[in-house]
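Novice: can't give you the sequence, but here's the structure:
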C-alpha cells in the first residue's frame, strides 16, 4: 500500500471515527481494567472490534479517504492483526497492512495520546515476541510484576509456564495466556517452556497457598498439582502439534480464576 504523507492524518481521522463507534460498544462492558478506567489496558478488545468494523466498512462503504486501504485489500494485501512488544516498553495489539503499522488503540497506555497512529512498520519499533524471556522482559516493566515458574499446575505448565505476581497488589495469575505465546511453546515442542522453567525462581509459598483450593484433578485432570513441570514439557513433546490437546489445556486454564 502506497500512502502520501498528507493522506495519513486523514486516514487516522477516519479510523478514529470507527474507533469512537467501537468505544460506545466496549465502554459499558469494560469500564475498568486493574482499577484503571477505559480505555487503559484494553488494546486487544479495541483492536479486535475495530478490525472487524473496518473490514465491514471497507466492503460496504465507498469513502475516498479509506480508498487506499480498500485498494490494497482488493489487490491481495492482507490486513493482519498483530500482537507484540512496542519499543520493548509494553505489549500492544495493532494491525499491519503491507509496510504500515496501524494502531487503533494507541491511547490504551497513555490516554493523552491520539486514538490512532499510522507509521511505517520499520519505524514503529514493534516486534513479535518469540520467546518467554522477551515476554518476561516486557511484562516486568509494563505490568510491574515479578515472574516465577508455574509449579502450581504442572500439567498446564508446558502451555503456561509463568506465574506473574503484581508488585503493587500481590495478585497473581498464570501466563502467558494468548495464542502467540502458546504457539511459542508448541512450536518449540515445549523446549522453550522447559528452558524458562529452569531459569525462573520458585513461587513464594504464601502465594502458592492461595491457589491450593483450585488444584482439583477431579474437576479437570490438567488441574492436578501433582507432577513435575519440567518433566511434563518432555512428556508433551510428542503432542506439540495436537490442537485438540491445546484446546483441552486452554479450557482447563479458563476454569481457573483470572487472578488470585
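Specialist: Good, I have the coordinates. Keep in mind that what you see is a predicted model, and the values were worked out from it rather than measured.
Novice: Could I get the full set of helices for the stretch 51-200 of the chain?
Specialist: 67-74, 121-124, 132-142, 179-187, 191-199 (DSSP state H, counting those that start in this stretch).
Novice: what about the second one, distance to the chain center?
Specialist: Relative to the mean C-alpha coordinate of its chain, helix 121-124 is positioned 20 Å out (Cα atoms, centre = their mean, to the nearest Å).
Novice: Which parts of that helix count as buried, going by neighbours?
Specialist: 121, 124 (16 or more other Cβ atoms under 10 Å). The C-beta positions use only the backbone N, C-alpha and C, and glycine is treated the same way.
Novice: What are the contacting residues of the lengthiest helix in the chain?
Specialist: Secondary structure of the chain per DSSP state H: the longest helix is helix 7-26. By Cβ atoms under 8 Å, 6 or more residues apart in numbering, the list of residues contacting helix 7-26 from outside reads 3, 38-39, 42, 45-46, 49-50, 53-54, 57, 63, 65-66, 68-69, 102, 104-105, 114-118.
Novice: out of those, which are buried?
Specialist: The neighbour count (16+ other Cβ under 10 Å) marks 3, 38-39, 42, 45-46, 49-50, 53-54, 57, 66, 68-69, 102, 104-105, 115-118 as buried among these.
Novice: wait, which of the helices of the stretch 51-200 of the chain is closest to residue 248?
Specialist: Comparing these against residue 248 with Cβ to Cβ, the closest turns out to be helix 179-187 (12.4 Å).
Novice: Give me the angle between the longest helix of the chain and helix 67-74.
Specialist: 80 degrees (axes from the mean of the first three to the mean of the last three Cα atoms, to 10 degrees).
Novice: Please compute how far helix 7-26 lies from its chain's middle.
Specialist: Distance, centroid of helix 7-26 to centroid of chain: 22 Å (Cα atoms, centre = their mean).
Novice: now swap in stretch 192-201 and tell me
Specialist: The chain centroid and the centroid of stretch 192-201 are separated by 20 Å under Cα atoms, centre = their mean.
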